[in-house]
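[1] what follows is a protein structure lacking sequence information:
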């Protein structure tokens, strides 16, 4: 609290000094940058998308994302895994988690990114996750595990599913982008017996 006996000039200096301190502290927040080379455009794009869409719940320093709980005792229900230490490979596994809301489907929204964006994020996570994992005797090292890849056909199918387009006569979509379902033929409805 500012004393009533303090001169007007001293008050001004005190307020100015405090304002400068607050401004300096506030400007330091969020200064970490994405540390993925722009020479790999799809991986860099995946890092930027991860920062925008996933950093609220997940940690991955290469994308300047710090959303995981630092302490298990102070964790909230929406704190996702820390990908600095958790290995996520192959790419197809990461893409599955993106499409299905993680592996439990309880908290993470399904299709938080879709189409080619999802493929880019999956490739980024598979490439950079687990690089700071502690070495555990007998456990495989994350960087020694294969990253894998998404086939161009799967990537095109993911993009097609988002845009509602067809992938041809042999693709997963029928006329006018509608999916043909065989679920009704192979799985009878509940409560009905098989003929």
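    Yep, that arrived. Bear in mind the structure is a predicted one, so any value in this text is a computation, not a measurement.

[2] sketch out the helices for this protein, chain order is fine.
    Per DSSP state H, the chain carries helices over the ranges 8-28, 41-53, 91-100, 115-128, 152-163, 183-186.

[3] least reliable of those going by mean pLDDT?
    The minimum mean pLDDT among these belongs to helix 183-186 (a mean of 40).

[4] tell me the contacts of residue 77?
    Contact analysis of residue 77 by C-beta atoms under 8 Å, 6 or more residues apart in numbering lists residue 107. All C-beta atoms are positioned from the backbone trio N, CA, C, and that covers glycine.

[5] could you chop the chain up by domain?
    According to automatic domain parsing, the chain is divided into the following domains: 1-31, 41-166.

[6] distance of residue 86 relative to residue 33?
    22 Å (C-beta to C-beta, to the nearest Å).

[7] repeat for residue 95
    26 Å.

[8] looking at those two, which one has more neighbours?
    residue 95 (22 against 9; other C-beta atoms under 10 Å).

[9] could you find the closest non-adjacent residue to that one?
    If the residues on either side of it in the chain are set aside, residue 95 comes closest to residue 122, at 4.1 Å by C-beta to C-beta, 6 or more residues apart in numbering.

[10] now for that neighbour: which residues touch it?
    By C-beta under 8 Å, 6+ apart, the residues touching residue 122 are 46, 91, 92, 94, 95, 98, 150.

[11] let's see if you can find the most crowded of those.
    Counting neighbours by other C-beta under 10 Å, residue 46 comes out on top of the contacts of residue 122 with 28 neighbours.

[12] what's near enough to touch it?
    120, 121, 122, 123, 124, 125.

[13] any idea how far residue 34 is from it?
    Counting by C-beta to C-beta, the gap from residue 46 to residue 34 is 10 Å.

[14] equivalent analysis for residue 82, please.
    Here the distance between residue 82 and residue 34 works out to 17 Å (C-beta to C-beta).

[15] of the two, which one has the most company?
    residue 82 (21 against 17).

[16] the residue nearest to residue 95 and residue 143: what is the separation?
    When C-beta to C-beta is applied, the distance between residue 122 and residue 143 equals 17 Å.

[17] ok, residue 135 next?
    Using C-beta to C-beta, one gets 11 Å for the distance from residue 135 to residue 143.

[18] who has more neighbours out of those two?
    residue 143 (12 against 6).

[19] was I right about that one contacting residue 129?
    No - at 10.1 Å, residue 143 does not count as touching residue 129 under the criterion of C-beta atoms under 8 Å.

[20] overlap of the contact sets of those two?
    When contacts are counted by C-beta under 8 Å, 6+ apart, the set common to residue 143 and residue 129 is empty.

[21] how about stretch 134-150: buried residues?
    142, 147, 148, 150 (16 or more other C-beta atoms under 10 Å).

[22] what about the closest residue to residue 51 other than its chain neighbours, how many residues close to it?
    For residue 51, ignoring the flanking residues on the chain, the nearest one in space by C-beta to C-beta, 6+ apart is residue 63 at 4.6 Å. Neighbouring residues of residue 63 were enumerated by other C-beta under 10 Å; the total is 28.
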